[in-house]
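Asks: this is a predicted model, with the sequence first.
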Amino acid sequence: MEPTRERILLAALKLFSEKGYLSTSVADILREAGANSGSLYHFYPTKQDVLLAVLEMYRDGIYPMLLAPAWEGVDDPIERVFALLGAYREMLRTTNCLYGCPIGSIALELHEPDPPVRELLSVNFDGWVKHVKGCLDQAKHRLPPGTDTKALAVFVLTTMEGGVMQSRTHRTLDAFDASVAGLRSYITLLEAAAGGSASEVHQETGT
């Protein structure tokens, strides 16, 4: 990616996360990126073009930018889910609870987004859920038979987005931590139930 273009997109991603799309001006993006207006309009004729490019970058970069660093050295698939949530917590902590998941923030902010924007938001949410579902699928033997891992992954995403939203509002990590703790308790109960189910099967079969 051309260096100036990358600087513009990274600046826009940061600002959309912290200030929101509507509250971020083109001048804000230029100042954050250290670029001039000619450079920006060369790549992106409109602010919405910047938004679309940011959503595409987030879609394509979720693994290298977020998942890979969060999962480094974490082999247990359940712990990978919580390591991902931990990465979001760290971004909240280091920004004094200003950080907001850019996808969630934009989805809430734009009540009637244009179809191309809405489609990319949907793709980004689906990608996040897909990666979490992959972790849960790897741990399926530790969950009760018939557990819907996609629905559970959606629940994880909802927990994260809700925790971020409340923590940004209250300017404290308390809501995020409480949300993640509740999710941890729920998954622990699922694992305990799966262990009970396995014991019952062994008793019934005599194995």
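Replies: Perfect, thanks for sending it.
Asks: contacts, neighbours, all on C-alpha from now
Replies: Will do.
Asks: got the contact list for the helix or strand containing Ala11?
Replies: For Ala11, the host element (DSSP states H and E) is helix 3-18. Counting by CA atoms under 8 Å, 6 or more residues apart in numbering, helix 3-18 makes contact with 21, 24, 28-30, 32-35, 39-40, 43, 50-51, 53-54, 57, 98-102, 105-106, all of which sit outside it.
Asks: try it again at 7 Å.
Replies: Residues external to helix 3-18 that are found in contact with it (CA atoms under 7 Å, 6 or more residues apart in numbering): Thr24, Ile29, Glu32, Ala33, Val54, Leu98, Tyr99, Gly100, Cys101, Pro102, Ser105.
Asks: and if you look at stretch 107-126?
Replies: Under the contact criterion CA under 7 Å, 6+ apart, stretch 107-126 has outside partners Leu52, Leu55, Arg59, Ile103.
Asks: CA-only coordinates of stretch 103-113, as PDB, when you get a sec.
Replies: Output of stretch 103-113 as PDB, limited to C-alpha atoms (Å, rounded to 0.1, in the frame of the first residue of the first chain):
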ATOM      1  CA  ILE A 103     -17.200  -1.400  13.200                       C
ATOM      2  CA  GLY A 104     -19.600  -1.300  16.100                       C
ATOM      3  CA  SER A 105     -19.300   2.500  16.500                       C
ATOM      4  CA  ILE A 106     -20.100   3.200  12.800                       C
ATOM      5  CA  ALA A 107     -22.900   0.700  12.800                       C
ATOM      6  CA  LEU A 108     -24.600   2.500  15.700                       C
ATOM      7  CA  GLU A 109     -23.800   5.900  14.400                       C
ATOM      8  CA  LEU A 110     -25.100   5.500  10.800                       C
ATOM      9  CA  HIS A 111     -28.800   4.500  11.200                       C
ATOM     10  CA  GLU A 112     -29.400   4.200   7.500                       C
ATOM     11  CA  PRO A 113     -25.900   3.700   5.900                       C
END
